[in-house]
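Student: Show me how the following folds:
(one chain, ligands or ions: 1)
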Amino acid sequence: MLAKINNFEIDLSKPIDISIPLTNTDENPIAWYIEKPTIEPVVFGEWIGKVSEGKSSTNFNNIFFNPHGHGTHTECLGHITNNFYSINQALKQFFFVAQLITIEPEKLGDDLVITKNQVEKAINAWTSSAKTEALIIRTIPNQKEKKSRKYSNTNPPYVSEEAAIFIRESEIQHLLIDLPSVDKEHDEGKLLAHKAFWNVKDTLHLNSDARLNATITEMIFVPNEIADGNYLLNLQIASFENDASPSKPILYSVLFF
Ligand SMILES: N[C@@H](CC(=O)c1ccccc1NC=O)C(=O)O
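Tutor: Numbers count the residues shown, from 1 in each chain. Down below sits the predicted model:
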(Lines give C-alpha, C1' and ligand atoms only; values in the text may rest on other atoms or scores of the structure.)
Protein backbone atom coordinates (compact mmCIF):
# COMPACT_ATOMS: atom_id res chain seq x y z
CA MET A 1 0.00 0.00 0.00
CA LEU A 2 1.38 3.39 -1.03
CA ALA A 3 0.82 6.46 1.14
CA LYS A 4 1.30 10.06 0.02
CA ILE A 5 2.50 12.42 2.74
CA ASN A 6 3.10 16.10 1.86
CA ASN A 7 5.66 15.90 -0.94
CA PHE A 8 6.72 12.30 -0.59
CA GLU A 9 5.44 8.79 -0.94
CA ILE A 10 6.11 5.69 1.14
CA ASP A 11 5.34 2.02 0.60
CA LEU A 12 3.74 0.64 3.77
CA SER A 13 4.32 -2.91 2.57
CA LYS A 14 8.10 -2.40 2.85
CA PRO A 15 8.88 -1.68 6.51
CA ILE A 16 12.52 -1.69 7.65
CA ASP A 17 12.53 -2.88 11.26
CA ILE A 18 15.54 -1.44 13.12
CA SER A 19 14.63 -2.93 16.52
CA ILE A 20 16.44 -5.85 18.12
CA PRO A 21 14.16 -8.77 19.12
CA LEU A 22 13.99 -9.47 22.86
CA THR A 23 14.46 -13.15 23.77
CA ASN A 24 15.27 -15.23 26.83
CA THR A 25 18.24 -16.84 25.09
CA ASP A 26 21.96 -16.12 25.10
CA GLU A 27 21.35 -14.37 21.76
CA ASN A 28 19.89 -11.41 23.63
CA PRO A 29 22.12 -8.35 23.93
CA ILE A 30 22.95 -7.22 27.47
CA ALA A 31 24.22 -3.95 28.91
CA TRP A 32 24.60 -2.61 32.43
CA TYR A 33 25.74 -5.79 34.22
CA ILE A 34 22.40 -7.60 34.39
CA GLU A 35 21.52 -11.19 33.42
CA LYS A 36 19.56 -12.16 30.30
CA PRO A 37 15.74 -11.70 30.29
CA THR A 38 13.51 -14.50 31.53
CA ILE A 39 10.31 -15.63 29.80
CA GLU A 40 8.66 -18.37 31.91
CA PRO A 41 5.15 -19.85 32.12
CA VAL A 42 3.02 -18.94 35.13
CA VAL A 43 2.75 -21.90 37.52
CA PHE A 44 -0.14 -22.46 40.00
CA GLY A 45 0.64 -25.73 41.78
CA GLU A 46 0.10 -28.44 39.14
CA TRP A 47 -1.01 -25.95 36.52
CA ILE A 48 1.58 -24.65 34.06
CA GLY A 49 0.72 -21.91 31.57
CA LYS A 50 2.25 -23.77 28.68
CA VAL A 51 0.10 -25.62 26.15
CA SER A 52 2.82 -28.16 25.37
CA GLU A 53 2.86 -29.21 29.06
CA GLY A 54 -0.72 -30.47 28.58
CA LYS A 55 -2.41 -28.67 31.49
CA SER A 56 -3.42 -25.33 30.05
CA SER A 57 -5.37 -24.07 27.06
CA THR A 58 -3.07 -21.09 26.57
CA ASN A 59 0.56 -20.10 26.70
CA PHE A 60 0.78 -17.63 29.61
CA ASN A 61 4.27 -16.33 30.28
CA ASN A 62 5.69 -13.91 32.78
CA ILE A 63 8.48 -11.80 31.32
CA PHE A 64 11.29 -10.24 33.35
CA PHE A 65 13.46 -7.79 31.48
CA ASN A 66 15.06 -4.38 31.73
CA PRO A 67 14.27 -1.80 29.03
CA HIS A 68 17.71 -0.12 29.25
CA GLY A 69 19.78 -3.28 29.40
CA HIS A 70 18.05 -5.78 27.15
CA GLY A 71 17.52 -4.22 23.76
CA THR A 72 15.91 -1.49 21.72
CA HIS A 73 14.28 1.05 23.99
CA THR A 74 13.15 4.66 23.92
CA GLU A 75 13.69 6.94 26.91
CA CYS A 76 12.71 10.45 27.91
CA LEU A 77 14.50 12.86 30.23
CA GLY A 78 12.93 11.00 33.15
CA HIS A 79 15.88 8.62 32.75
CA ILE A 80 18.14 11.15 34.49
CA THR A 81 15.88 13.37 36.61
CA ASN A 82 15.06 13.24 40.30
CA ASN A 83 11.37 13.69 39.53
CA PHE A 84 9.41 11.12 37.56
CA TYR A 85 8.77 11.70 33.87
CA SER A 86 7.24 9.01 31.71
CA ILE A 87 8.06 8.10 28.12
CA ASN A 88 4.36 7.39 27.58
CA GLN A 89 3.61 11.05 28.31
CA ALA A 90 6.66 12.38 26.46
CA LEU A 91 6.02 10.62 23.16
CA LYS A 92 2.59 11.39 21.74
CA GLN A 93 3.32 11.38 18.00
CA PHE A 94 4.78 8.43 16.20
CA PHE A 95 5.74 9.39 12.63
CA PHE A 96 8.79 11.54 11.92
CA VAL A 97 10.93 12.67 9.02
CA ALA A 98 14.20 10.94 9.73
CA GLN A 99 17.75 10.92 8.48
CA LEU A 100 20.03 7.89 8.72
CA ILE A 101 23.75 8.61 8.99
CA THR A 102 26.74 6.28 9.42
CA ILE A 103 29.68 7.22 11.60
CA GLU A 104 32.91 5.50 12.57
CA PRO A 105 33.61 6.83 16.08
CA GLU A 106 37.01 8.48 16.52
CA LYS A 107 39.67 7.27 18.91
CA LEU A 108 40.19 9.58 21.89
CA GLY A 109 42.61 7.97 24.36
CA ASP A 110 40.96 4.68 25.34
CA ASP A 111 37.57 5.84 24.09
CA LEU A 112 35.74 5.82 20.77
CA VAL A 113 33.74 9.02 20.36
CA ILE A 114 31.17 10.36 17.91
CA THR A 115 32.24 13.96 17.40
CA LYS A 116 30.36 17.11 16.43
CA ASN A 117 32.41 17.38 13.27
CA GLN A 118 31.41 13.88 12.18
CA VAL A 119 27.71 14.47 12.87
CA GLU A 120 27.76 17.86 11.15
CA LYS A 121 29.43 16.47 8.03
CA ALA A 122 27.12 13.46 7.86
CA ILE A 123 23.96 15.55 8.27
CA ASN A 124 25.07 18.04 5.65
CA ALA A 125 25.76 15.30 3.13
CA TRP A 126 22.00 14.93 2.72
CA THR A 127 19.51 17.66 2.14
CA SER A 128 15.81 17.21 1.76
CA SER A 129 12.78 19.39 1.39
CA ALA A 130 11.40 18.16 4.73
CA LYS A 131 12.90 19.13 8.07
CA THR A 132 14.67 16.30 9.89
CA GLU A 133 12.90 15.48 13.17
CA ALA A 134 14.71 12.25 13.97
CA LEU A 135 18.39 11.43 13.55
CA ILE A 136 19.43 7.79 13.33
CA ILE A 137 23.10 7.05 13.91
CA ARG A 138 24.55 3.75 12.69
CA THR A 139 28.08 3.20 13.95
CA ILE A 140 30.72 1.21 12.16
CA PRO A 141 31.92 -1.46 12.39
CA ASN A 142 28.37 -2.82 12.08
CA GLN A 143 28.39 -6.59 12.34
CA LYS A 144 25.20 -8.61 12.97
CA GLU A 145 26.82 -9.71 16.23
CA LYS A 146 25.77 -6.28 17.58
CA LYS A 147 22.28 -7.76 17.99
CA SER A 148 23.56 -10.06 20.74
CA ARG A 149 26.55 -8.14 22.06
CA LYS A 150 27.39 -8.25 25.77
CA TYR A 151 28.30 -4.63 26.50
CA SER A 152 29.00 -4.68 30.24
CA ASN A 153 32.46 -3.27 31.05
CA THR A 154 33.44 -2.94 27.36
CA ASN A 155 33.53 0.90 27.28
CA PRO A 156 31.37 1.19 24.13
CA PRO A 157 31.61 4.25 21.86
CA TYR A 158 29.58 7.29 22.88
CA VAL A 159 28.43 10.72 21.69
CA SER A 160 30.48 13.77 22.67
CA GLU A 161 28.79 16.59 24.56
CA GLU A 162 29.49 18.97 21.64
CA ALA A 163 27.87 16.55 19.19
CA ALA A 164 24.80 16.24 21.43
CA ILE A 165 24.53 20.04 21.68
CA PHE A 166 24.82 20.27 17.90
CA ILE A 167 22.05 17.68 17.48
CA ARG A 168 19.81 19.61 19.92
CA GLU A 169 20.55 22.90 18.17
CA SER A 170 19.68 21.25 14.86
CA GLU A 171 16.18 20.89 16.38
CA ILE A 172 16.29 17.12 16.22
CA GLN A 173 13.63 15.82 18.61
CA HIS A 174 14.41 12.13 18.44
CA LEU A 175 17.86 10.59 18.46
CA LEU A 176 18.31 6.89 17.68
CA ILE A 177 21.59 5.03 18.00
CA ASP A 178 22.92 1.47 17.86
CA LEU A 179 24.81 1.71 21.16
CA PRO A 180 23.64 1.01 24.74
CA SER A 181 24.05 4.66 25.68
CA VAL A 182 24.79 8.05 24.18
CA ASP A 183 27.17 8.50 27.13
CA LYS A 184 30.37 6.82 28.28
CA GLU A 185 29.75 3.63 30.26
CA HIS A 186 31.69 4.70 33.34
CA ASP A 187 31.35 8.50 33.55
CA GLU A 188 30.67 9.03 37.28
CA GLY A 189 27.11 9.96 36.42
CA LYS A 190 28.10 12.98 34.33
CA LEU A 191 25.76 11.96 31.50
CA LEU A 192 26.96 14.88 29.40
CA ALA A 193 25.33 13.81 26.13
CA HIS A 194 21.99 12.89 27.73
CA LYS A 195 21.88 16.26 29.52
CA ALA A 196 22.95 18.20 26.44
CA PHE A 197 20.41 16.53 24.16
CA TRP A 198 17.51 17.00 26.60
CA ASN A 199 18.80 20.43 27.68
CA VAL A 200 18.69 19.33 31.31
CA LYS A 201 20.77 21.78 33.34
CA ASP A 202 19.97 20.43 36.80
CA THR A 203 18.60 16.93 37.37
CA LEU A 204 17.15 17.93 40.77
CA HIS A 205 15.18 20.98 39.58
CA LEU A 206 14.13 20.75 35.97
CA ASN A 207 14.66 23.94 33.95
CA SER A 208 11.60 25.17 32.05
CA ASP A 209 13.37 24.86 28.69
CA ALA A 210 14.33 21.22 29.21
CA ARG A 211 13.12 19.14 26.27
CA LEU A 212 10.27 17.10 27.77
CA ASN A 213 9.18 15.67 24.43
CA ALA A 214 12.59 14.75 23.07
CA THR A 215 13.51 11.06 23.10
CA ILE A 216 16.60 8.90 22.86
CA THR A 217 16.35 5.40 21.42
CA GLU A 218 19.28 3.11 22.13
CA MET A 219 20.37 -0.36 20.99
CA ILE A 220 18.83 -0.25 17.55
CA PHE A 221 20.35 -2.27 14.71
CA VAL A 222 20.42 -0.91 11.16
CA PRO A 223 21.47 -3.58 8.62
CA ASN A 224 24.34 -2.62 6.29
CA GLU A 225 22.18 -2.89 3.19
CA ILE A 226 20.04 0.05 4.34
CA ALA A 227 21.56 3.15 2.72
CA ASP A 228 22.14 6.46 4.49
CA GLY A 229 19.58 9.10 3.64
CA ASN A 230 16.01 10.18 4.31
CA TYR A 231 13.31 7.92 5.70
CA LEU A 232 9.96 8.16 7.36
CA LEU A 233 10.29 6.80 10.90
CA ASN A 234 7.46 5.16 12.81
CA LEU A 235 8.65 5.14 16.42
CA GLN A 236 6.41 2.95 18.58
CA ILE A 237 6.72 2.11 22.26
CA ALA A 238 4.71 -0.09 24.58
CA SER A 239 2.55 2.12 26.84
CA PHE A 240 4.71 1.83 29.94
CA GLU A 241 4.48 4.67 32.45
CA ASN A 242 8.22 4.55 33.05
CA ASP A 243 11.25 6.59 32.03
CA ALA A 244 11.79 4.12 29.20
CA SER A 245 9.94 1.49 27.22
CA PRO A 246 11.00 -1.20 24.80
CA SER A 247 10.39 0.23 21.36
CA LYS A 248 9.99 -0.69 17.72
CA PRO A 249 11.37 1.90 15.33
CA ILE A 250 10.40 1.19 11.73
CA LEU A 251 11.79 3.00 8.68
CA TYR A 252 10.11 3.54 5.33
CA SER A 253 12.07 4.62 2.26
CA VAL A 254 10.74 7.91 0.93
CA LEU A 255 10.29 8.90 -2.64
CA PHE A 256 10.23 12.70 -2.97
CA PHE A 257 8.35 14.26 -5.82
N1 LIG B 1 27.37 6.19 32.82
C2 LIG B 1 26.55 6.19 34.01
C3 LIG B 1 25.63 4.99 34.10
C4 LIG B 1 24.65 4.95 33.00
O5 LIG B 1 24.73 5.71 32.07
C6 LIG B 1 23.58 3.94 33.05
C7 LIG B 1 23.53 3.06 34.13
C8 LIG B 1 22.53 2.08 34.16
C9 LIG B 1 21.59 2.02 33.15
C10 LIG B 1 21.64 2.89 32.10
C11 LIG B 1 22.64 3.88 32.05
N12 LIG B 1 22.71 4.76 31.00
C13 LIG B 1 21.96 4.59 29.88
O14 LIG B 1 21.94 5.38 28.96
C15 LIG B 1 27.47 6.21 35.24
O16 LIG B 1 28.64 5.85 35.12
O17 LIG B 1 26.99 6.59 36.30
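Student: burial of residue 201, as a residue count?
Tutor: 12 (other CB atoms under 10 Å). Every C-beta, even on glycine, is put in place using the N, C-alpha and C of the backbone.
Student: Excluding residues flanking it in the chain, which one is nearest it?
Tutor: residue 207 (4.7 Å; CB to CB, 6 or more residues apart in numbering).
Student: Just the element for the one you found, please.
Tutor: Residue 207 belongs to no helix or strand when assigned by DSSP states H and E.
Student: distance of it from the ligand?
Tutor: In this view, residue 207 and the ligand are 20 Å apart by CB to the nearest ligand atom, to the nearest Å.
Student: If I look at that residue, what pLDDT would I see?
Tutor: Looking at residue 207, its pLDDT is 98.
Student: Looks like it contacts residue 199 (just checking).
Tutor: Yes. Under the criterion of CB atoms under 8 Å, residue 207 makes contact with residue 199 at 7.2 Å.
Student: Who has more neighbours out of those two?
Tutor: residue 199 (18 against 9).
Student: ok, now which ones touch that one?
Tutor: 168, 207, 209, 210, 211, 214 (CB atoms under 8 Å, 6 or more residues apart in numbering).
Student: can you count the residues close to whichever residue of the stretch 151-257 of the chain sits closest to the ligand?
Tutor: Taking CB to the nearest ligand atom, the ligand has its nearest neighbour within the stretch 151-257 of the chain at residue 181, 3.4 Å off. Neighbours of residue 181 under the rule other CB under 10 Å: 24.
Student: What of residue 253?
Tutor: With other CB under 10 Å as criterion, residue 253 counts 17.
Student: So in that sheet, which strands flank the helix or strand encompassing it, and in what orientation?
Tutor: Per DSSP H and E, residue 253 falls inside strand 244-256. Using DSSP bridges, strand 244-256 pairs in its sheet with strand 8-11 (antiparallel), strand 16-17 (antiparallel), strand 73-75 (antiparallel), strand 229-237 (antiparallel).
Student: Adding distance to the ligand, write those out as CSV.
Tutor: Below are the strands paired with strand 244-256 laid out as CSV (distance: least, CB to the nearest ligand atom, whole Å):
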stretch, distance to the ligand
strand 8-11, 31
strand 16-17, 22
strand 73-75, 7
strand 229-237, 16
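Student: Comparing the ones you listed, which comes out most buried?
Tutor: strand 73-75 (a mean of 28; mean count of other CB atoms under 10 Å).
Student: And that strand, how far out from the chain middle?
Tutor: 5 Å (CA atoms, centre = their mean, to the nearest Å).
Student: circling back: can you list the contacts of residue 199 in CSV and add secondary structure?
Tutor: Converted to CSV, the contacts of residue 199 look like this (DSSP: H, G, I helix; E, B strand; the rest coil):
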residue, secondary structure
168, helix
207, coil
209, coil
210, coil
211, coil
214, coil
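Student: Neighbour-wise, give me the winner out of those residues.
Tutor: Ranking the contacts of residue 199 using other CB under 10 Å puts residue 214 first, with 20 neighbours.
Student: mind checking the SS state of the most centrally placed residue in the chain?
Tutor: The residue lying closest to the centre of the chain (CA atoms, centre = their mean) is residue 217, at 1.9 Å. Of the three states, residue 217 takes strand under three-state DSSP.
Student: Hmm, residue 73 and it touching each other?
Tutor: Yes. If you go by CB under 8 Å, residue 217 and residue 73 touch, sitting 6.9 Å apart.
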